[in-house]
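Q: Sharing a sequence plus its predicted fold:
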Amino acid sequence: MTSGFTELRTCRLLLRPLTAADRETVVEIQTDPRANVHNVEPPGRAETEEKFESWLADWAELGICYVAVIELETGWFAGVGGLQLREFGAEKVLNLYYRFRPEAWGQGYATEMSRAVIAWADEHLPQYPVQISVYLRNEPSLRVARRLGFSTYSESFYAGMLTRHFRRD
């Protein structure tokens, strides 16, 4: 599968594929304890680098995975987000994910990025449902899921925490 994704632009954001040159910035964001306030503990560098390599491999093999989220006006790397093809139970889904620098919080970037990648997926990969999985203690992300029009699909434990999985009706 090659999705044909190159980049997306919103009013304020550039969403582009991750590249090897993004490694240090992504590791910095992903391991920042402030950006992981709703997780049991932030991932370490080794775990983050392993995930980053898998994301690059998905880009190479599938043509889709998480993106760099860049402010258009300033060029500032605000976060990581987007869609990754994953297994959920026995089904393939597009997992919607994001992690932003705390300095980017409260500006609507998660919702803006999410709407753009979901619209892209609706057009290019409609065979896969988009799913959002959120720890129940992460109220800001629960609000984003509702703002995007997603409803509860199921709940399960992930990494020892109760997680709600959302999909669109």
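A: Noted; the coordinates are in hand. Numbers count the residues shown, from 1 in each chain.
Q: hey, where'd the helices end up in this structure?
A: 23-31, 45-62, 109-124, 139-147 (DSSP state H).
Q: just checking, what packs against the longest one?
A: Applying 3 or more Cβ pairs under 8 Å, 6 or more residues apart in numbering; DSSP states H and E, we find helix 45-62 packed against helix 23-31, strand 77-88. C-beta here means a position set from N, CA and C on the backbone, and glycine is covered the same way.
Q: got any ranges where the protein has weak pLDDT?
A: The chain contains residues with pLDDT under 70 at 1-3, 37, 40.
Q: Pick out the residue nearest the middle of it.
A: In the chain, the centroid-proximal residue (Cα atoms, centre = their mean) is Y97; its distance is 2.1 Å.
Q: beta partners for that one?
A: Judged by DSSP bridges, the bridge partners of Y97 are G82.
Q: from what I can see it touches R86, true?
A: No. Contact between Y97 and R86 fails when scored by Cβ atoms under 8 Å: they sit 9.5 Å apart.
Q: rewinding a little: E155 is nearest to which of the helices of the chain?
A: Nearest to E155 among these is helix 139-147; the distance by Cβ to Cβ comes to 12.0 Å.
Q: Show which residues not belonging to the closest one make contact with it.
A: 38, 105, 110-111, 114, 132, 134-136, 164, 166 (Cβ atoms under 8 Å, 6 or more residues apart in numbering).
Q: ditto for stretch 120-135
A: Stretch 120-135 is contacted by residues 3-5, 8, 38-39, 64, 83, 85, 88, 91-96, 118, 141-142, 144-145, 148, 150, 153, 158, 161-168 when judged by Cβ under 8 Å, 6+ apart.
Q: Could I get the buried residue list for it?
A: 120-121, 125, 128, 130-135 (16 or more other Cβ atoms under 10 Å).
Q: Dump those residues into CSV; add distance to W55 as well.
A: Shown next, in CSV, are the buried residues of stretch 120-135 (distance: Cβ to Cβ, whole Å):
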residue, distance to W55
W120, 17
A121, 17
L125, 17
Y128, 17
V130, 17
Q131, 17
I132, 18
S133, 17
V134, 20
Y135, 21
